[in-house]
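> Quick one: sequence plus predicted model below, questions after.
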Amino acid sequence: MRCVVQRVSEAYVTVEGQETGRIEKGLCALIGVEVGDTEKDAVYMAGKIVKLRIFEDENDKMNLSVKDVQGGVLAVSQFTLLGDARGQNRPGFTQAERPERANELYELCCAEMRKLGVPVENGVFRTHMMVHLVNDGPVTILLDSHKNF
């Protein structure tokens, strides 16, 4: 499972002009599910996102998590994170999990973040979404449940 996490001062997602999720201070998490990912990957990713210490403490050190700052997570499924453009200019998506399984693991990841006490807002799986955000910092972190980076 791959994730791009951005620290935001606000973020929201719309589908066909309708807002489906909005947060103020928190994290925008773009989540991609890879072929072979399991429930273990979803649980790992949820914990990593919630515990990631990328908010400043009173000494201006990135030492606080989204939960510590009482922020939220805008979780958006994004299969294109599994795109492979190493050998060509048009990315291939053979490493992206089939939609039904990907949605199950994406939803599990979101549910696990909620269990950890963080409010989670969502986009709509398998739709064309418009994600609007203000990246605070900017701070952007790449996560991979297989620890490839």
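Yes, it's here. Residues are numbered from 1 along each chain as shown.

> what is the mean pLDDT for the longest strand along the chain?
For the chain, the strand with the greatest residue count under DSSP state E is strand 129-144. In this model, strand 129-144 has a mean pLDDT of 98.

> Give me the distance between that strand and the centre of its chain.
Relative to the mean C-alpha coordinate of its chain, strand 129-144 is positioned 9 Å out (C-alpha atoms, centre = their mean, to the nearest Å).

> now swap in stretch 63-71 and tell me
The chain centre lies 16 Å from the centre of stretch 63-71; the measure is C-alpha atoms, centre = their mean.

> Go through that stretch and flag the buried ones.
64, 65, 66, 67, 69, 71 (16 or more other C-beta atoms under 10 Å). Heads up, the C-betas are built off the backbone N, CA and C, glycines and all.

> thinking the fourth one is in contact with residue 117, fair?
Yes - shown here, residue 67 and residue 117 form a contact pair, counting by C-beta atoms under 8 Å, at 5.8 Å.

> And for the chain, the residue most distant from the center?
Of all residues in the chain, residue 59 has its C-alpha farthest from the mean position, at 27.1 Å, by C-alpha atoms, centre = their mean.
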